[in-house]
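J.: No letters, just coordinates:
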């Protein structure tokens with residue numbers, strides 16, 4: 001585990017930040033008893049996940065490494 005970045009990528013930070021903002025919006029409107037605002041907050045939170053996945057697909061996420069099936073350790077990739 002120590003050999004990877006634990007999600008410290010632009011895609012991960014952007015997705016989590018948008019999700020956090022969405023949950024804050026939903027929480028605010030829950031306290032205010034406004035169901036429409038609550039739903040908007042949930043939509044923003046889901047959009048954060050979609051944005052993170054799209055950014056990962058665009059190459060802003062953590063690159064995949066080949067793993068050994070026997071040990072689970074990363075393998076050297078030959079070019």
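T.: Ah, there it is. No experiment lies behind these values; they were computed from the predicted model shown.
J.: host element of residue 52?
T.: Following DSSP states H and E, one finds residue 52 within helix 35-55.
J.: Flag the shaky bits of the protein, pLDDT-wise.
T.: By pLDDT under 70, the weakly predicted segments of the chain are 1-7, 65-79.
J.: roughly how far apart are residue 11 and residue 63?
T.: Going from residue 11 to residue 63 by Cβ to Cβ, to the nearest Å gives 11 Å. The C-beta positions use only the backbone N, C-alpha and C, and glycine is treated the same way.
J.: Comparing these two, which residue is more hemmed in?
T.: Using other Cβ atoms under 10 Å as the criterion, residue 11 and residue 63 rank with residue 11 on top: 20 against 8.
J.: Show me what counts as buried in the helix holding residue 52.
T.: 38, 41, 44, 45, 48, 51, 52, 55 (16 or more other Cβ atoms under 10 Å).
J.: Which member of these is positioned nearest residue 30?
T.: If you rank those by distance to residue 30 using Cβ to Cβ, residue 38 comes first, at 5.5 Å.
J.: What sits closest to the closest one if chain neighbours are left out?
T.: Leaving aside its chain neighbours, residue 38 sits nearest to residue 29 (4.4 Å; criterion: Cβ to Cβ, 6 or more residues apart in numbering).
J.: pretty sure that neighbour is touching residue 37, no?
T.: Yes. Using Cβ atoms under 8 Å, residue 29 is in contact with residue 37, at 3.0 Å.
J.: In a markdown table, list the buried residues of helix 35-55 along with distance to residue 18.
T.: Below are those laid out as a markdown table (distance: Cβ to Cβ, whole Å):
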| residue | distance to residue 18 |
| --- | --- |
| 38 | 17 |
| 41 | 11 |
| 44 | 7 |
| 45 | 8 |
| 48 | 3 |
| 51 | 6 |
| 52 | 8 |
| 55 | 10 |
